[in-house]
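# fold the stuff below for me.
(3 chains)
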Amino acid sequence: MGKFLFYRLLQAVFVIIVVTLIVSFTIRLTGDPAVMLSQGSGSVTEADLEMIREALGLNQSFAAQYVQFIQGLVVGDMGRSFVGGAPVMDLISRALPATLWLAFASLAVSIVVSIPLGIKAATSRGTWVDQLIRIVSLVGLSFPNFWLAIMLVLLFSIVLGWLPPSGMSGIASFIMPAATMGIILTATNVRLVRTTMLDTLRSQYIMVARAKGLSNTVVLYKHALRNCAIPLITYFGLQFGGLLGGIVVVERVFNWPGLGSLAFDAVAARDYPVLQGVITVLAMMIIVINLLVDIAYGLVDPRVRKE
Amino acid sequence: MTTVQTRSDTLKRFKNLEFILGVLLVGGITLAVVITHWLFPDSGTQVNLTQRLVPPMTEPGIWLGTDALGRDILGRAILGGEISLKVGVYSALGAVILGIVMGLISGYYGGFVDVFVMRFADVQLALPFILLAITFIAVIGGGLTNMIILLIVSQWVQYARLVRGSVLSLRDQEFILSARAIGVHDIRILFQHLLPNLIGPVIVLMTLNVANNILLESSLTFLGLGVDPTIPSWGGMLAEGRTYLQTAWWLSVFPGLAILLTVLGLNLLGDWLRDILDPTGRTSL
Amino acid sequence: MKNGKVLLKSLLASVALAAAISAQAGSLTIASPQDPGSWDPIDTFLVNWASVATNVFDGLTYRGPDMALVPGLATAWEENEDGTRIRFTLREDVTFHNGEPFNAESVKFTFDRLLGEEGAQGPQRSNYTAIDSIEIIDDYTVDMHLHQPDPVLLTKLAGYGAMIVPPQYIQEHGSDHFAIHPVGTGPFQIVNYARRERVELEAYADHWGGAPRLDQLTYRFISEPSTAIAELQSGGVHIVIPPTVPIGMIDTIENNRNTHVASVPSPTVEALRFNTESGITADERVRRALIMAVDREAIVDSILAGQGQVISSFQGEFSFGYDPEMEPIPHDMEGARQLLAEAGVEPGASLQIDVRGGDATFGEVAQVVSSYLQMLGLNVSIRGYETNVLLNDIIPEGRTGEMFQQKWGGWTFDFDNTAYLMYHTGERWNPYDSDEELDAMLNEQRSITDPARREDLLQSIARYTQDRALEMPLYSINALYGVRNEVQNFEAAPDNRLRLTDVYLED
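You can find the predicted model right below:
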């Protein structure tokens, strides 16, 4: 187990290095932040730009800048934003919880919807109910999410006036963004619950429970669901990573102060330190989640460790 | 995989609501796009400032209304369908071909290619796609070709992993070993013996990917990073139309419906295909 | 099911509560598209910095929505004969928000900081390089010594880097602290700043001009236009400031019974400039023909919904150097065809227009322009770039198509700023053209201190550029504000610098 962990950690470090290299290099291919910062300023001379570049550390070679970034990363310092000079750490530690909360809420919405639907589909396998549930959940997956978001805002904020159209301020502000993201996951999760449930229902363990005369609801929700918990949690864990990446659009429409909009603005402003920071943090989180999933598997199934 | 099937089993599979709806949607929309484009190649590009924002069904010949430049929404939706379908299909095809080749090599030979594919997959998994796309498009520019390339780069590795996994499990099976023993060429083993046995899940994944690519294209266009603004894509029309959502609903509702129905059709087909071609569920991750 | 209903009810109750709190009397909320990240005047050049900071800081001079220059922290000023020294008489009994007094020392500190090492790291310094030094005459009199006369210096003193900052506070707490906890002499003080979300301001009762009528002022940073408008309609914000309101949403705002649009001509002008070096547009006749082919009036009337004015040169009516007598080159399709034939351009010749991909309104304009040019038989394509790529790589390096979008909004409202950067040989925004006669005129006007003579020369420059058809001037565009009806006394500012001292909310 120790060797397995060490190997995976090494792998994680490698991935972080490649990911940050790709991003840092690409973002530097166009656009001079110094020019961008002085845009609209009447008469910028080349000497003025040079001074700004020097202040931002941009006149060093890419290698030097990258090494500096990695050195800082090790001690937990990701530099300062080019726009306004805020420490990148501050920006990320403000944005990260917002994104995490939203991701959790979306996952929760999706789980709450998909478990009963999936169970219903499994128990009425092959009937029109089963098909209907699958088709309806696929409709959710097929919406362009920004369009759905705008429609929700139109209905619930402008026409009905029930929910705040944007920002993160209390439980009410979570409803629309979480629903928009959650609905996308629902189709996959319904399918997942349905498949695992079908497998479980065929198992002897459930037959015994039924034979004991337990009520249908108890069998389904207590015994069978508990049995599917492990594969489900694994899948949900993996989805979490996917959620984090796809959150940009939803954060933008709902003006959510999270990592997605932070990164989007950073690209637009060529704010290298912020973009590098956000991508690194996101990559680390995804790696950690995958690692946890792997470890869980490794504990259960010794064959995985050898790979 | 069972090879014995009775005729009634086969029939039953096609009498499935998912299949029927999926074929109707995808087939109908593709046909409409192809035929109408062939009949009226230029409808939807003509600017007419005297006919701006005409509502649907109010003037003869303008079925779905006009946009802010007086262009016909129906014509644009058809042109846009062509773009969206092209992006979806070409990028999925590209990713499949690249992915299959890399996956076969990686699974069959192992070695350097295998290490490369697996490490690339690690990096890919850790890089949030949209952020990557935003960065790349900001740098290399939007446009149809760049969009397709970006989608291929971001997706081939899924296929490679899928194929690699299947190859690994098939590699040591008897029919492969015996083929090798009698001196069948590697290329032939890969494409004649291995490929047919693992193509099912690939087709499923591809169908779902076409659907997903259409959505991704529209998301990127929404963020202002999509294809050329003059080329109507569904995503582009939707992004343009959001400004007029409350005053001229037809600008965004029709392209939105077009995306929804096409993607739904593809998803239904993919879901149905999965039951048939991938009963073990390798593509559900 | 029952539990679900209870949950929904309690959620809705919490929403209603939140709404009740935000409806507090005298508390105004504004949607601004971008967080400048730092409130330090030397750090920024974002218009969105100014739209907040105008309420927090004062300059020696002040320029309000009417564009007239009036006394700010200086009550009077006089220039010497050759324009190399300005003497300012300072306002007395002014205090910063932290209680620190304002005097000659504050002015000297401000400009020493701006022109010194600290200022050099920011984008502001370059605007004030005409200033040599500040000399304190007495507590409330300072002399500003200049390297050379700068005709727009007094205007520049009303904004951005020239905002007066508190010496003791900055020396004590440092610039990093000042950037997020700024202190000025303005009518509002910043009390809470949540990065990328909002900044909250409170009335400063001891303001020298009297306390503002509002108690509280909040700016929320919302970049997506349709989101900002949704907030406006549902009452989450009271004002949406430019450039957020898209032309296409004017009707949406006007149709809502609680909101309306306030618009005012702005300094922002748009043009499609030509590659004068290569391609068909190297020929002056072709450029003229292209301009004639496009009906700019129709574009302003339909695409811009009348929220703009056709321009004859690359400046709007507020600009110093604008000539009301000068007419745009008229729309004349037939003439354009003849001119194009004369120049020997074959039908089907290709022409590429480069635009900013994210600019929805201009995207529409470009498509209309392209449809006019297609009527000439040209094969027109539009290429969208991300704004930063277009501005940093494509234009300065001369890699554009035959035509490219240039959006310009000089805040000094002086044609010098625009013309020099656009037409002088070797300038960043002039990758293609070199014209000695034009260079000479541009250099000459910079040394003239007599405003009348300088205006004359600037007008000749404008005419000269039209004669050579250096660009297709399109229009100046209005600044659009979305405003809720309960907002009273609101005056739309052309430059986004809203000083909200007299604004109040009606119940």
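
# could you list the domains of chain A?
Chain A breaks down by automatic domain parsing into domains covering A:1-83+A:270-291+A:299-307, A:97-268.

# can I get those in a markdown table including mean neighbour count and distance to chain C?
(C-beta placed from N, C-alpha, C; glycine too.) Below are these laid out as a markdown table (neighbours: other C-beta atoms under 10 Å in any protein chain shown; distance: least, C-beta to the nearest C-beta, whole Å):
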| stretch | mean neighbour count | distance to chain C |
| --- | --- | --- |
| domain A:1-83+A:270-291+A:299-307 | 17 | 4 |
| domain A:97-268 | 20 | 4 |
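
# quick one, which of these gets closest to chain B.
Nearest of those to chain B, taken as C-beta to the nearest C-beta: domain A:97-268 at 2.8 Å.

# could you tell me the least trusted of the domains of chain A?
The weakest mean pLDDT among the domains of chain A belongs to domain A:1-83+A:270-291+A:299-307, with a mean of 78.

# nearest to C:Gly83, of the domains of chain A?
Taking C-beta to C-beta, domain A:1-83+A:270-291+A:299-307 is the member of those nearest to C:Gly83, at 17.8 Å.

# apart from its chain neighbours, what residue comes closest to the residue in chain C that chain A sits nearest to?
Nearest to chain A, among the residues of chain C, is C:Gly37, at 1.8 Å (C-beta to the nearest C-beta). Among residues not flanking C:Gly37 along the chain, A:Gly84 sits closest, at 1.8 Å (C-beta to C-beta, 6 or more residues apart in numbering or on different chains).

# got the contact list for A:Asn59?
By C-beta atoms under 8 Å, 6 or more residues apart in numbering or on different chains, the residues touching A:Asn59 are A:50, A:53.

# and it, backbone torsions?
A:Asn59 adopts backbone torsions of phi -90, psi 0, taken as degrees, to the nearest 10.

# closest residue of the stretch 201-350 of chain C to chain B?
For the stretch 201-350 of chain C, the residue closest to chain B is C:Gly248, as judged by C-beta to the nearest C-beta, at 3.6 Å.

# what's the separation between that residue and C:Pro225?
9 Å (C-beta to C-beta, to the nearest Å).

# now for those two: what residues contact both?
Common contact partners of C:Gly248 and C:Pro225 (C-beta under 8 Å, 6+ apart): B:Thr243.

# more crowded one of the two?
C:Gly248 (25 against 21; other C-beta atoms under 10 Å in any protein chain shown).

# please see if stretch A:114-124 touches chain B.
No: using C-beta under 8 Å from any C-beta of the partner chain, stretch A:114-124 stays clear of chain B, coming no nearer than 12.0 Å.

# ok, now stretch A:99-107?
No: judged by C-beta under 8 Å from any C-beta, stretch A:99-107 stays clear of chain B, getting no closer than 10.9 Å.

# shouldn't the residue nearest to C:Gly37 be within a strand?
No: assigned with DSSP: H, G, I helix; E, B strand; the rest coil, A:Gly84 falls outside any strand and is coil.

# roughly how far apart are it and C:Asp295?
Distance from A:Gly84 to C:Asp295, by C-beta to C-beta: 43 Å.

# after the lengthiest strand in chain C, which helix or strand is next?
The longest strand of chain C (DSSP state E) is strand C:259-274. For strand C:259-274, the following helix or strand on the C-terminal side (DSSP states H and E) is helix C:284-293.
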